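A.B. asks: all I have is the shape, not the residue letters:
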């Protein structure tokens, strides 16, 4: 037996019984022979041939096996690629991910051999989807990024290449969903949906509407999620996509359950359940069973709920469907708690938490590792582009001047090494700079002068036997010190956490002003301060300056106002306004003092902001405004700080 024959038997072993038991379809054979005889180079025409245009929209096993058999025996590479991809998809739908991956990798190998980058990118997206289904986030992300890079490198305006580009972007959005980065996911889906609209790609529109709805559901925007799920359902019904309808009905059931509309939730999942059973796909069956059981539970149909949840749990566990297993175990815990079976409830609750913690932890590790490897991936792509260009140079110049070519290659190699060394040195210098800034920031955050005075102020309450006040401020002081130590180890915190720390800081400083400072915070209610990231303790120097240079010399009516507002989708502005004596008067007082107080350095803060902004498109800005009364006298100072956000 030939090597090709052995490979064919190995890869198709799951299908041999099927293909032997069923008689060959004459129409199928004629179509395949037609394309085979013409040796068509249009991959996507052949792919559509293998697509069974029935109301179920599934890929046909017989056609794929027949085409692979003929193509292997006659060296027809395009036919082999199409067959491998379609067999891989069938195996993925049957949850046989390991063998599915082997077929996709074989198709990629053949695409590279035949120099078909567009088909390689298309197959990389299929392989990435298979990895996503099995929760292998890192490999999935590598595949989709590689597909997107190839698509951009081709730079073709063809329908197929634009579609590949859209699929890659959508898939990266799905990776962000898996990593719980919902706002980042929405950005990717919006890009993808624009391309789908341009191409009038109804399937792409349906998928993106559903993905947008899912991200909105996770962000608790239930009404917006329902609207997008229904848009997706409408498109799926128009193209008669059974898979799409199953997904949409499940999502609508899930979101209505979260809204507390339990009857509606049950209606949607009951309506789609028979279709899911006919569809014969374990992945969607496990998910539907988990949703069905949860809806039955909320509608007090406990016995039926338990049956569905147990069935969904076993199926998820068997095929390693992590999301469905988490959902089923969580609902089982709730069910047993309702039945006052607390031992079982605790057992399932613990399982649910353990699985979710393990899965999310692994995904985050993959995400961080991927960020580290982005440069390596780009270097590989650049290396491929360089080698392709060099091959052209060699073919044109080799016979004309071999010596010049050798010298050129040596020069390029040396230049590459020199450039890489310079780049590497810059990275090391940047790392040292960040480390130095972190060390300096920690020293300034733990200012001994501030700690000494704060403890002295608290000590006065103790001496004066004001125990409640002493305990109150001692608690705040300990929380502040703990926050400072915690954030000294990380690059960024949420704006919400930063404002909470500043509230603690102002409470402690206010003791020394006999609680005369009126400190107010005004945050735009439309802002989500949990998702906005800032460098830790970045606002403290400006509050300290407002206290000690603006208000310390004022007699009464001392006020500091902190406001925050989004000036655009990518920039946040924070204003710190005091009604103190103004910068000119403060400078004169400072000059007249023999002992000058040092605040946390503004220069250090600027350096930290500059380093923080390097990862974003926008830069930070810092401006001071001298406020005046109608008669021109000083009315305080306003500090405006703008910094970029994701």
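C.D. replies: Cool, got the structure. Since the model is a prediction, treat every value here as computed from it, not as a measurement.
A.B. asks: which secondary structure element contains residue 522?
C.D. replies: In this structure, residue 522 sits in strand 517-523 according to DSSP states H and E.
A.B. asks: and the residue nearest to residue 619 when sequence neighbours are not counted, what does it touch?
C.D. replies: For residue 619, ignoring the flanking residues on the chain, the nearest one in space by CB to CB, 6 or more residues apart in numbering is residue 613 at 5.1 Å. (Glycine included, C-beta is placed from N, CA and C.) The neighbours of residue 613, taking CB atoms under 8 Å, 6 or more residues apart in numbering as the test, are 619-620, 643-644.
A.B. asks: let's see it at 6 Å
C.D. replies: Taking CB atoms under 6 Å, 6 or more residues apart in numbering as the contact definition, residue 613 lies against 619-620, 644.
A.B. asks: relative to residue 638, how far out is it?
C.D. replies: Residue 613 sits 22 Å away from residue 638, going by CB to CB, to the nearest Å.
A.B. asks: helix, strand or coil for residue 635?
C.D. replies: Assigned by DSSP: H, G, I helix; E, B strand; the rest coil, the conformation of residue 635 is strand.
A.B. asks: my read: it touches residue 625, true?
C.D. replies: No - shown here, residue 635 and residue 625 do not form a contact pair, counting by CB atoms under 6 Å, at 10.7 Å.
A.B. asks: of these two, who's got more company?
C.D. replies: When neighbours are counted by other CB atoms under 10 Å, residue 635 comes out ahead of the other of residue 635 and residue 625, with 18 against 13.
A.B. asks: just give the nearest non-adjacent residue to the more buried one, would you?
C.D. replies: Looking at residue 635 with CB to CB, 6+ apart, the closest residue is residue 627, at 4.2 Å.
A.B. asks: look up phi and psi at residue 606.
C.D. replies: Taking degrees, to the nearest 10, you get phi -60, psi -40 for the backbone angles of residue 606.
A.B. asks: hang on, the earlier thing: for the residue nearest to residue 635, give me its contacts.
C.D. replies: If you count contacts by CB under 6 Å, 6+ apart, then residue 627 has 635-636, 638 around it.
A.B. asks: nearest to residue 169 among these?
C.D. replies: When those are compared for distance to residue 169 (CB to CB), residue 638 comes out closest, at 41.6 Å.
A.B. asks: how close does the closest one sit to residue 542?
C.D. replies: Taken as CB to CB, the span from residue 638 to residue 542 is 10 Å.
A.B. asks: do the same with residue 183
C.D. replies: Summarising the geometry, the distance separating residue 183 from residue 542, computed by CB to CB, is 27 Å.
A.B. asks: more crowded one of these two?
C.D. replies: Applying other CB under 10 Å to residue 183 and residue 542 shows that residue 542 carries more neighbours, namely 26 against 13.
A.B. asks: pLDDT score for that one?
C.D. replies: The confidence metric pLDDT takes the value 90 at residue 542.
A.B. asks: how does the chain divide up, domain by domain?
C.D. replies: 1-115, 382-431, 446-644 (automatic domain parsing).
A.B. asks: going by mean pLDDT, which of the ones you listed comes out lowest?
C.D. replies: The minimum mean pLDDT among the domains of the chain belongs to domain 1-115 (a mean of 64).
A.B. asks: what's near enough to touch the nearest residue to residue 251 once chain neighbours are set aside?
C.D. replies: If you skip the residues right next to it in sequence, residue 251 has residue 229 as its closest partner in space, 5.0 Å away by CB to CB, 6+ apart. Residues counted as contacts of residue 229 (CB under 6 Å, 6+ apart) are 213, 248, 251-252.
A.B. asks: now residue 493
C.D. replies: When contacts are counted by CB under 6 Å, 6+ apart, residue 493 touches 487, 536.
A.B. asks: repeat the analysis, applying 8 Å as the threshold.
C.D. replies: Taking CB under 8 Å, 6+ apart as the contact definition, residue 493 lies against 487, 533-536.
A.B. asks: break down the stretch 501-646 of the chain into its helices, ranges please.
C.D. replies: Per DSSP state H, counting those that start in this stretch, the stretch 501-646 of the chain carries helices over the ranges 540-545, 583-592, 602-613.
A.B. asks: nearest to residue 320, of the ones you listed?
C.D. replies: Nearest of these to residue 320, taken as CB to CB: helix 602-613 at 39.5 Å.
A.B. asks: how far out from the middle of the chain is the closest one?
C.D. replies: Between the mean C-alpha point of helix 602-613 and the mean C-alpha point of its chain there is a distance of 27 Å (CA atoms, centre = their mean, to the nearest Å).
A.B. asks: buried set for that helix?
C.D. replies: Buried residues in helix 602-613, counted by 16 or more other CB atoms under 10 Å: 604-605, 607-609, 611-613.
A.B. asks: equivalent analysis for stretch 452-467, please.
C.D. replies: Going by neighbour count (16+ other CB under 10 Å), the buried part of stretch 452-467 is 454, 457-458, 461.
A.B. asks: repeat that for stretch 554-571.
C.D. replies: Within stretch 554-571, the residues scored as buried using 16+ other CB under 10 Å are 554, 558-564, 571.
A.B. asks: likewise stretch 537-555?
C.D. replies: Neighbour counts using 16+ other CB under 10 Å place 537-552, 554 of stretch 537-555 among the buried residues.
A.B. asks: end-to-end on that stretch?
C.D. replies: Across its full length, stretch 537-555 reaches 29 Å between end residues, using CA to CA, to the nearest Å.
A.B. asks: same check on stretch 483-495?
C.D. replies: 14 Å.
A.B. asks: so what's the gap between it and the chain middle?
C.D. replies: On the basis of CA atoms, centre = their mean, stretch 483-495 sits 22 Å off its chain's mean C-alpha point.
A.B. asks: start the count at 880 instead of 1 going forward.
C.D. replies: Done: numbering now begins at 880, and the last item shifts to stretch 1362-1374.
A.B. asks: circling back: make JSON lines out of the contacts of residue 1108 and add neighbour count and pLDDT.
C.D. replies: Rendered in JSON lines, the data for the contacts of residue 1108 read as follows (neighbours: other CB atoms under 10 Å; pLDDT from 0 to 100):
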{"residue": "1092", "neighbour count": "27", "pLDDT": "91"}
{"residue": "1127", "neighbour count": "27", "pLDDT": "92"}
{"residue": "1130", "neighbour count": "24", "pLDDT": "91"}
{"residue": "1131", "neighbour count": "25", "pLDDT": "92"}
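A.B. asks: so which of these sit within helices?
C.D. replies: Counting by DSSP state H, the members of these that fall within helices are 1092, 1127, 1130-1131.
A.B. asks: quick check, nearest of the residues you listed to residue 1204?
C.D. replies: Using CB to CB as the measure, the one of the ones in helices among the contacts of residue 1108 that approaches residue 1204 most closely is residue 1130, at 18.4 Å.
A.B. asks: wait, that closest one sits on residue 1089?
C.D. replies: Yes - when contacts are counted by CB atoms under 8 Å, residue 1130 is listed as touching residue 1089 (6.6 Å).
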